[in-house]
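Q: Mind folding the following:
(one chain, ligands or ions: 1)
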Amino acid sequence: MIMEKMTMTEFEKGLGKTRTVIIPVGTVEEHGPHLPLSTDTIQAMELAKRVSQRMNVFIAPPLHYGFCRSTRCHPGTIGISAGALRLIIRDIVRSLHLHGLRSFVILSGHAGSIHMAALNEVGEELLEEIPEISIAVLSEMDLFLDKGVLVETEGDSHAGEVETSMMLYIRPELVKGRASKEYPTLPKPILVRDKRKYWPGGVWGDPSKASRDKGEKMIHLAVDKVIDLIEKLESHREG
Ligand SMILES: [Zn+2]
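A: A predicted model of the protein is given here:
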C-alpha cells in the first residue's frame, strides 16, 4: 500500500488491513562518481515497496533528506541538520498516528552515525509521548551486519560493494561504471572542515567487487529481514 498512489478512500480501507507503516528515509548525497545522489532514497523506497508486495503494510512517501557528515563538502550533498531531521520525523509520526497508524518502521537508506542517532532519539521521544505506538529504527546497513557470505569487502559502507550491487540490481541504468576501492583517511578524533581532502572519491569500500547477482541476493535478504521485523514489531506490545 504505497501511500503516494492511494486515494483517501483506499487509505481508509487500508486501515482495516494493517496499522503498520514503513517510513523510508533517504538523503541527497554523493555516492562516488558512479552512483546517483538519490541512492539512499531509491534503496530505502525500493526495499519498502518490495516488502509491501508480500504483506499488508503502508509505505509513507520517503523523506528525501537526511543528515550527512563526512560527505558534506562533496559536490551534490544537500543535507539537513539533525535537529530538523528529528522535527520532521516527529511531525510525520504524529500525523500518521492521528490517522490510525500504530506500528512504525523508520527505514533509513543512509547509515551515518549522527543521522541514525537523531532517528533513534526522536523514536525514543515518541515512545514516551504516545503510549500506544511501537517503533523500530534501522538502516539498510543493519540488515547486512551478518554480511558474511554476501559481502567480500571489509568495512564496506558507502558507495562500495553493497550499495553498488543493490543499485546494479534495482536501477542498473543509473550506475555509471565502477569507481575504485577507497577508504577515507579522516584524522579521527580531530574534526576537519575540508572533509573531501581526506576522502576525494567519496567511496568507502570496494565497488569493483559489486555485481547484479549479489545485489539481487542482498535485496531479497533485506526484504525477508524487514518482514520478520514487522511481524515482531506488531506482536510487541508493552503495558
Ligand atoms: Zn548510501
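
Q: can you list the residues of this structure near the ion?
A: Taking C-beta under 5 Å from the ion as the test, the list of the chain residues beside the ion reads 39-40. All C-beta spots, glycine's among them, are computed from the backbone N, C-alpha and C.

Q: Give me the mean pLDDT for the lengthiest helix in the chain.
A: Using DSSP state H, we find that the single longest helix of the chain is helix 212-235. Averaging pLDDT along helix 212-235 yields 95.

Q: which parts of it are buried?
A: If you call a residue buried by 16 or more other C-beta atoms under 10 Å, then helix 212-235 has these buried ones: 212, 214-215, 217-219, 222-223, 225-226, 229-230, 233-234.

Q: which residue does the chain bring closest to the ion?
A: Minimum separation of the chain from the ion (C-beta to the ion) falls at residue 40, amounting to 4.2 Å.

Q: Surely that residue is within a helix?
A: Yes - using DSSP: H, G, I helix; E, B strand; the rest coil, the assignment for residue 40 is a helix.

Q: Got the confidence number for it?
A: If you check residue 40, the pLDDT there is 98.

Q: ok, now how distant is it from residue 225?
A: Residue 40 sits 18 Å away from residue 225, going by C-beta to C-beta, to the nearest Å.

Q: same check, this time on residue 54
A: With distances taken as C-beta to C-beta, residue 54 is found 12 Å from residue 225.

Q: What of residue 199?
A: Distance, residue 199 to residue 225, by C-beta to C-beta: 29 Å.

Q: Identify the residues contacting residue 108.
A: The contact partners of residue 108, by C-beta atoms under 8 Å, 6 or more residues apart in numbering, come to 24-26, 40, 44, 66, 115-116, 119, 137-140.

Q: rewinding a little: what's the residue nearest to the residue of the chain closest to the ion when sequence neighbours are not counted in contact with, if anything?
A: Using C-beta to C-beta, 6 or more residues apart in numbering and skipping the chain neighbours, the partner closest in space to residue 40 is residue 109 (3.3 Å). Residues near residue 109 by C-beta under 8 Å, 6+ apart: 24-27, 39-45, 47, 139-140.

Q: can you do 6 Å?
A: Contacts for residue 109 (C-beta atoms under 6 Å, 6 or more residues apart in numbering) come out as 26, 40-41, 43-44, 140.
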